[in-house]
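Enquirer: Here you go, sequence then predicted model.
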Amino acid sequence: MRAIVGAAHARPGAADDAVAGMPSRMVVEPGNEQELSAVLRYADYAGLRVTPRGGGTKLAWGNPPPRVDLIVSTARLDSIVEHAWADMTATVEAGCTMKSLQEHLAQHRQRLAVDALWPERATVGGVLSTNDTGALRLRFGGLRDLIIGVTLALPDGTLARSGGKVVKNVAGYDLPKLATGSLGTLGVIARATFRLHPLPQNTRTLSIAAPDLAAMQRCVLKVQNSQLAPTAFQVRLAADRPAEADILFEGTPAGLAAQEARLRELAEPAPVKKNEAAVWAARERLWSFAKTEVIAKISTLPAEIAKAIDTVRRVAMARGVDWSAVVQATGLGFLRLAGTAEALHASLAELRAAFESVGGSLAILRRPAGMAPLDAWGDAGDAQTLMRALKQQLDPKGTLNPGRFAGGI
C-alpha cells in the first residue's frame, strides 16, 4: 500500500478510525483514480475487507462490519474537476465536501439542490453512498434525479464510467443511480457529475402550528393538493410539544406574497407565522449523539404520516421512551428515540413491524453500544434477490463493506 500511495498516506488504524465500533487495521489515502484503482485491486487480491470513507459523518450507518482490514479514504480526492456553468453541470471528486462544492457553485449563482447532513464535513461520495437527501427533495427530487454521471472504482481495479456531462445523456448502464444509496458495497465512488439549479433570489419560510396530528395531516394534504409550489415542506414533532409544519417558498417578492396569502387561507384556522431559515436544520438537531438514543430513518405514505406518528407516540409511551421526529411531506423522515437499551430494542422491533405491515420501512442509522443486536435495514422484500445478484456480479469476493447493507450484503 505504501508503494501505491506513498509512505505518508498509508498508516495503521487508530482509535478514531473504528467503524461502528470495529477497529481498522490500516488506513490509506489514494491521491488519484489510478491509485484508488490499484489499492482496491491489491486489497481484492489479498482478501482484505475494505470500508470506503469520506468525511466519516455516516460511517456508523448500516450493520456493524464483521471486520475492517482497510479503510480507503477519499480525503485527497477533493477537486472540483469541472463546473460547466453555462450547461448547469458540475463534475467533482468524491472527497470534496458539500460545503466546498456549494460555495464554488454559488459564485455563479448556482447550487446542487441537496441539503445533506453536516455539509462542512460530509463529502460528495459519502452523501451519494448513503443517499442522504433532505427537505429539498420535494421540489428537486432525490440524488438519483440529480446525478448524471459517475466514475466507480470496482474491487478488481476496474474504473467504470457511466453517464456524461450533459443532462440528456442516456448512454451505457445507469451506474450513477446504482451507486447512489449502495453504501459503498458495489464500488468506491471516485467522481460524480450533477445537474445544477439556480440559487433563489428570494426565499420565505412559514410555519403552521397544528393543534393535533389530524389537523396537521389535513394541512399537509391541502397544501399538496393545491396549486402552491413549495420548495420544501416538513413536519416537526415531539412528545412534549404540538406538531408544527414548515414550508419554504422561493421566487419573486410578488410570487412569495401570493403564495403566503394562499397558504394562510388553506391553513385556517391554524395560525401561520414567518419563521427563520434555521428550522431546516431540525433534522440535524435530532442527532445529539447521547449514549442512550437511537436515530432511525422512516418512510410511509404522505397520507399516512399522522397514523405513523401516532404509532410512534403509542409505542414510545408504553415503553417509557422519549421521542422526536422530522418528517418530510414526501413521507420520508428521521426519528429519534431515547431510553434504556432494552426499551429501545423492543420499541424498534415493534415499530418496524408496524411500518412494514403498511408498506413503509424503518432503518436504524445509530444505536447505543449496549443495545442488543438488531438488523439495521429490515425486510428488503422482493428486491433482495436482485441486490444479491448485483453484489455477486460487481464484488464476487465480498471485498467492499461486507455484511453492512440490507440482507447482509
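Expert: Sure, I can see it. Numbers count the residues shown, from 1 in each chain.

Enquirer: and E260, how many residues sit next to it?
Expert: Under the neighbour criterion other Cβ atoms under 10 Å, E260 is assigned a count of 17. In this view, the C-beta of every residue, glycine as well, is placed from N, C-alpha and C.

Enquirer: ignore the last one, Q393
Expert: When neighbours are counted by other Cβ under 10 Å, Q393 comes out with 10.

Enquirer: secondary structure element for it?
Expert: In the assignment (DSSP states H and E), Q393 maps to helix 383-394.

Enquirer: The closest residue to I80 other than its chain neighbours: which element?
Expert: With sequence-adjacent residues excluded and distances taken as Cβ to Cβ, 6 or more residues apart in numbering, I80 is closest to V92, at 5.0 Å. V92 is located in strand 89-93, with elements delineated by DSSP H and E.

Enquirer: Go ahead and name everything in contact with the following helix or strand past that strand.
Expert: Helices and strands here follow DSSP H and E; after strand 89-93, the next one along the chain is helix 98-106. With Cβ atoms under 8 Å, 6 or more residues apart in numbering as the test, helix 98-106 has contacts from 78, 80, 83, 90, 92, 111-112, 114, 116, 119-120, 122-124, 127, 196, 199.

Enquirer: ok, and for helix 98-106, which residues are buried?
Expert: Applying a neighbour-count criterion of 16 or more other Cβ atoms under 10 Å, one finds M98, S100, L101, Q102, L105 buried in helix 98-106.

Enquirer: can you count the residues close to G184?
Expert: G184 is surrounded by 24 other residues when neighbours are defined as other Cβ under 10 Å.

Enquirer: So it, which state does it fall into?
Expert: When states are read from DSSP: H, G, I helix; E, B strand; the rest coil, the local structure at G184 comes out as coil.

Enquirer: State the distance from the nearest residue to T340 once chain neighbours are set aside to E265.
Expert: The shortest distance from T340 to any residue other than its chain neighbours is 7.1 Å, reached at T292 (Cβ to Cβ, 6+ apart). T292 sits 44 Å away from E265, going by Cβ to Cβ, to the nearest Å.

Enquirer: what about these two, which has more around it?
Expert: When T292 and E265 are compared for neighbours, T292 comes out ahead with 17 against 11, by other Cβ under 10 Å.

Enquirer: Can you name the residues in contact with the helix holding Q393?
Expert: Contact partners of helix 383-394, identified using Cβ under 8 Å, 6+ apart, comprise L154, P155, L178, T185, L186, G187, A380, G398, F405, A406, G407, I409.

Enquirer: Centroid-nearest residue for the protein?
Expert: Centroid-nearest residue in the chain, with Cα atoms, centre = their mean: D132, separated by 1.5 Å.

Enquirer: show me where pLDDT drops low in this structure?
Expert: Counting by pLDDT under 70, the ranges of the chain that qualify are 165-173.

Enquirer: for it, what's the longest strand?
Expert: When every strand of the chain is counted residue by residue (DSSP state E), the longest turns out to be strand 241-250.

Enquirer: Next secondary structure after that one?
Expert: By DSSP H and E, the next helix or strand past strand 241-250 is helix 253-267.

Enquirer: Neighbouring strands of the helix or strand following that next one in the sheet, and parallel or not?
Expert: As assigned by DSSP H and E, the chain's next helix or strand after helix 253-267 is strand 272-274. The partner list of strand 272-274 in its sheet, established with DSSP bridges, is strand 203-209 (antiparallel).

Enquirer: Could you export the very next helix or strand once past the strand it pairs with as CSV, CA atoms only?
Expert: Using DSSP H and E, the next helix or strand after strand 203-209 towards the C-terminus is helix 213-224. Written as CSV, here are the backbone C-alpha positions of helix 213-224 (Å, rounded to 0.1, in the frame of the first residue of the first chain):
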residue,chain,number,x,y,z
LEU,A,213,-52.0,15.2,14.4
ALA,A,214,-55.2,15.1,12.5
ALA,A,215,-55.1,18.8,11.8
MET,A,216,-51.5,18.6,10.7
GLN,A,217,-52.3,15.7,8.3
ARG,A,218,-55.2,17.7,6.8
CYS,A,219,-52.9,20.7,6.3
VAL,A,220,-50.2,18.6,4.6
LEU,A,221,-52.8,17.1,2.2
LYS,A,222,-54.4,20.5,1.5
VAL,A,223,-51.0,22.0,0.5
GLN,A,224,-50.1,19.1,-1.7
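
Enquirer: quick one: contacts of helix 213-224?
Expert: Under the contact criterion Cβ under 8 Å, 6+ apart, helix 213-224 has outside partners 208, 210, 230, 233, 235, 243, 245, 247, 263, 266-267, 270, 302-303, 305-306, 309-310, 329.
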